[in-house]
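Enquirer: I would like to see how this sequence folds:
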Amino acid sequence: MTAWLLLIGAILTEVTATLSLRGALDHPALYAVVVVGYTVSFGFLALVLRQGMGLGIAYGIWAACGVVLTALLSAVLFGEAFTLMKASGIVLIAAGLVSACASFWMRGSSRLSARATR
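Expert: Below you'll find the model as predicted:
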């Protein structure tokens with residue numbers, strides 16, 4: 001469970017940093033949020049790996065969720081276009097994520113906790 005909470009933290013801090021990068025174009029002070037956000041995000045991601053989650057699963061979830069959240073929030077916060085093509089891409093990303101993670105979810109998290117104790 002800890003690995004999943006850390007992964008959520010990694011995703012949220014990465015999305016915050018990415019959105020701040022766009023916001024920093026108008027408000028340069030946000031570059032500090034960019035640097036701190038990416039640093040904390042990679043720190044959380046490293047802790048996720050230390051907890052025993054596989055790199056392919058952790059990075060896949062982190063990257064896919066980051067892309068989806070950034071696309072959605074940039075439309076809301078910055079008025080970027082949210083087209084049918086973009087929505088279709090998000091659906092494909094989500095489908096790919098579920099497909100890539102299916103074997104991990106089917107095995108359960110018992111291997112995750114076993115690796116973390118090594």
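Enquirer: which residues in this protein form strands?
Expert: Per DSSP state E, the chain carries no strands over any range.
Enquirer: any idea how far Glu14 is from Leu7?
Expert: Glu14 sits 11 Å away from Leu7, going by C-beta to C-beta, to the nearest Å. (Glycine included, C-beta is placed from N, CA and C.)
Enquirer: Now do the shared contacts for the two.
Expert: Residues touching both Glu14 and Leu7 by C-beta atoms under 8 Å, 6 or more residues apart in numbering: Trp62.
Enquirer: Can you pull out the low-pLDDT segments for this structure?
Expert: Within the chain, the stretches with pLDDT under 70 are 103-105, 107-118.
Enquirer: where exactly do the helices run in it?
Expert: Ranges of helices within the chain are 2-23, 31-50, 55-78, 84-107, 110-116, based on DSSP state H.
Enquirer: Could you dump these into a markdown table with mean neighbour count added?
Expert: Below are these laid out as a markdown table (neighbours: other C-beta atoms under 10 Å):
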| stretch | mean neighbour count |
| --- | --- |
| helix 2-23 | 19 |
| helix 31-50 | 17 |
| helix 55-78 | 16 |
| helix 84-107 | 12 |
| helix 110-116 | 13 |
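Enquirer: Can you give me the distance of Met53 to Val67?
Expert: Applying C-beta to C-beta to Met53 and Val67 gives a distance of 19 Å.
Enquirer: Then Leu73?
Expert: Where Val67 is concerned, Leu73 sits at a distance of 11 Å (C-beta to C-beta).
Enquirer: got it, and Val91?
Expert: Val91 is 12 Å from Val67, where distance means C-beta to C-beta.
Enquirer: cool, and Ala75?
Expert: Noted for Ala75: a distance of 13 Å to Val67, by C-beta to C-beta.
Enquirer: again, but for Ala102
Expert: 19 Å.
Enquirer: swap in Leu97?
Expert: 10 Å.
Enquirer: Kindly report the same for Gly60.
Expert: Distance from Gly60 to Val67, by C-beta to C-beta: 11 Å.
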